[in-house]
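# Curious how this folds, go ahead:
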Amino acid sequence: MSVIASIKTLRLGEFPNLLWLVVTDDKGATGLGETFYGARAVEAYVHETVVPHLLGKPAEPEPVRMALIPYAGHQAAGAEIRGNSAIDIALWDLKARRNGEPVWQALGGRCRETIRTYNTCAGYQYVRSAEGQTSANWGIGGKPAGPYEDLEAFLTDAGALAENLLAQGITGMKIWPFDRYAERSGGQSILPAELDEGLKPFRKIRDAVGDRIDIMLEMHSLWSQPAALQIAEQVAPFNLYWIEDPVRMQGVSALADFRARCPIPVTASETIAGRHQFRELLAADAADYIMLDLGWCGGITEGKAIAALAESWHRPIAPHDCTGPVVYAASCHLSLHAPNTVIQESVRALYTGWYAEVADGLPVVADGMVAPAKGPGLGISLKPEVFERPDAVIVESR
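This is a model prediction of the structure:
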């Protein structure tokens, strides 16, 4: 059994939210991991706290998961869980590469060749800054970086956007036209004029393409329950696929009550972590679809466990992606493996944009379906020149 010989992290000034991580074993095999948000804090956690526990220990996901359960600390998707997620993803990549097989095979095999994907309608500059997510950093209004400035498109010409997606075979789209109004009120209320303005994209989509495309409404956990229910009642006639994270994920009782009163299927939540929190979500009957982010929930090991839990409650999973290329690839492997995966998120402005600038072996999207690139491990690698960039910050512990 190989042991962990070194752990290296990489940050780029251009993408301050992202932390990449490379684990190398004593035989020279490597694995690539990734997480998003608070990159410097995660970097410090990895090198100060994780490294002493892992160097010289078996390069296997499950023993490492157990070694990183803290005596005191985290139960949410904070810096510790994000760091552990990146480590776990890297170890699955390393394990599969060492055995010359794709990660879906290392997980136990695949249930399908490809999985349906929907397009999250972000743009090329979406949440590039480190200040967190607000409408101020949506990255719209400047010179378009390419043909898929989809956030500006859903705000201004959602019908044409829906037609364009359908022309590529993509039959689902996710939008968030109400976020700006949550910022005004702290999520406590929405005015009639704001409701009417937020409904315009839904009207345009249905007028242009009818029910030929599924619409997902992202709420980003910004709303109080009364306001979220008010929005849900108004958008319900547009036959939405789901409403996502309508209220903040701080306990499941409010979400369970919301789901019981909501006329639209509910999905949750990329923002919670660990199989135990997802078990509580499922036990409370709080969601119809289970969304998880492998860079935030604990990694592939935890994602596999969460998928199995969801299956036991007869709930489908829908892995999240709007962060980085490595988690996207890992999510596609889990989506092929888990029998209860219903759909995989992707962002065409990212996988045709900056994902392709920093990584080789991206998942392949065709005719509205996606699959990871062929090859061992995750099938993805950072371009060698990324490590040579002048804005690269590399820290390596041996």
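
# tally of neighbours for His314?
Per other C-beta atoms under 10 Å, the neighbour tally for His314 reads 8. (Glycine included, C-beta is placed from N, CA and C.)

# And Ser253, by the same measure?
There are 11 residues near Ser253, going by other C-beta under 10 Å.

# show me what contacts it?
The neighbours of Ser253, taking C-beta atoms under 8 Å, 6 or more residues apart in numbering as the test, are Ala284.

# For it, give its distance to Arg275.
Using C-beta to C-beta, to the nearest Å, we find Ser253 at a distance of 20 Å from Arg275.

# so where is this protein shaky, pLDDT-wise?
Within the chain, the set of residues satisfying pLDDT under 70 comprises 71-77, 131-133, 136-137, 141-144.

# Gln105 and Lys95 touch, don't they?
No. Using C-beta atoms under 8 Å, Gln105 is not in contact with Lys95, being 10.7 Å away.

# Please identify which of the two sits among more neighbours.
More neighbours surround Lys95 than the other of Gln105 and Lys95, with 21 against 16 (other C-beta under 10 Å).

# Nearest residue to that one in space, ignoring adjacent ones along the chain?
Nearest-residue entry for Lys95: Ala106, 5.7 Å, with adjacent residues in sequence omitted and distances by C-beta to C-beta, 6 or more residues apart in numbering.

# What is the neighbour count of the one you found?
21.

# contacting residues for it?
Counting by C-beta under 8 Å, 6+ apart, Ala106 makes contact with 92, 95-96, 99.

# repeat that with 10 Å
With contacts defined as C-beta atoms under 10 Å, 6 or more residues apart in numbering, Ala106 is in contact with 61, 92-93, 95-99, 300, 333, 337, 376-377.

# Which of the three states applies to Val370?
Val370 carries the three-state label strand when classified by DSSP: H, G, I helix; E, B strand; the rest coil.

# and it, what are its bridge partners?
According to DSSP bridges, the residues that bridge with Val370 are Ile115, Val365.

# Off-centre distance for the longest strand anywhere in the chain?
Of all the elements of type strand in the chain, the one with the most residues (DSSP state E) is strand 15-25. Taking the mean C-alpha point of strand 15-25 and that of its whole chain, the gap between them comes to 16 Å (C-alpha atoms, centre = their mean, to the nearest Å).

# Can you tell me the element the nearest residue to Leu191 once chain neighbours are set aside falls in?
Of all residues beyond its chain neighbours, the one nearest Leu191 is Tyr181 (7.3 Å), with distances taken as C-beta to C-beta, 6+ apart. With the criterion set as DSSP states H and E, the secondary-structure element containing Tyr181 is helix 179-185.

# Can you name every helix or strand that that helix contacts?
Other helices and strands packing on helix 179-185, by 3 or more C-beta pairs under 10 Å, 6 or more residues apart in numbering; DSSP states H and E, are helix 192-209, helix 225-235.

# Ser6 belongs to a strand?
Yes. With three-state DSSP as the criterion, Ser6 is located in a strand.

# Would you confirm that it contacts Asp25?
Yes. At 8.8 Å, Ser6 and Asp25 qualify as touching, with contact defined as C-beta atoms under 10 Å.

# neighbour count winner among these two?
More neighbours sit around Asp25 than around the other of Ser6 and Asp25, counting by other C-beta under 10 Å; the figures are 21 against 15.

# The closest residue to the more buried one other than its chain neighbours: neighbour count?
Among residues not flanking Asp25 along the chain, Ser2 sits closest, at 3.9 Å (C-beta to C-beta, 6+ apart). Applying other C-beta under 10 Å, we find 16 other residues in the vicinity of Ser2.

# Assess the claim that Ile170 and Asn119 are in contact.
Yes. Under the contact definition of C-beta under 10 Å, Ile170 touches Asn119, with a separation of 5.1 Å.

# shared neighbours, those two?
Any residue near both Ile170 and Asn119 by C-beta under 10 Å, 6+ apart counts here, and that gives 162, 164, 213, 346, 348, 365, 368.
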